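[1] No letters, just coordinates:
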């Protein structure tokens with residue numbers, strides 16, 4: 001993971017939900033004067049990847065042959 005000057009935390013490789021669901025990081029910040037902050041725990045929760053397709057449509061869709 002990398003941290004940018006504006007405080008944005010970005011991962012350097014993809015996080016895989018199938019491998020691990022949760023990451024706990026210990027973060028410390030340093031300002032431009034060299035002063036260090038206290039340690040802070042950051043919890044990153046990985047959600048499953050979105051799946052393409054339809055769900056829950058079997059009850060809402062019917063085929064009406066009456067008008068064909």
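    Arrived safely. As the structure is a prediction and not an experimental result, all values here were calculated from the model. Numbering: from 1, shown residues only.
[2] so where do the strands sit in the chain?
    For the chain, strands defined by DSSP state E occupy the ranges 2-3, 9-10, 22-27, 40-45.
[3] Worst mean pLDDT among these?
    Note on those: lowest mean pLDDT is at strand 2-3, with a mean of 56.
[4] Of the strands of the chain, which is nearest residue 16?
    strand 22-27 (11.3 Å; Cβ to Cβ). Quick note: C-beta positions are derived from backbone N, CA and C, even for glycine.
[5] Quick one: work out the angle between that closest one and strand 40-45.
    Strand 22-27 and strand 40-45 are oriented at 160 degrees to each other (axes from the mean of the first three to the mean of the last three Cα atoms, to 10 degrees).
[6] Check which helices and strands strand 22-27 sits against.
    Under the contact definition 3 or more Cβ pairs under 8 Å, 6 or more residues apart in numbering; DSSP states H and E, strand 22-27 sits against strand 40-45.
[7] can you give me how far the strand it packs on is from the chain middle?
    12 Å (Cα atoms, centre = their mean, to the nearest Å).
[8] How about residues contacting that strand?
    9, 15, 21, 22, 23, 24, 25, 26, 27, 28 (Cβ atoms under 8 Å, 6 or more residues apart in numbering).
[9] Any stretches of the protein with poor pLDDT?
    1-5, 7, 56-68 (pLDDT under 70).
[10] rewinding a little: tabulate the contacts of strand 40-45 (a markdown table), appending distance to residue 46 and neighbour count.
    Below are the contacts of strand 40-45 laid out as a markdown table (distance: Cβ to Cβ, whole Å; neighbours: other Cβ atoms under 10 Å):
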| residue | distance to residue 46 | neighbour count |
| --- | --- | --- |
| 9 | 14 | 12 |
| 15 | 5 | 15 |
| 21 | 5 | 13 |
| 22 | 7 | 10 |
| 23 | 7 | 13 |
| 24 | 12 | 8 |
| 25 | 13 | 12 |
| 26 | 18 | 8 |
| 27 | 17 | 14 |
| 28 | 23 | 10 |
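[11] Right, I'll call it a day here.
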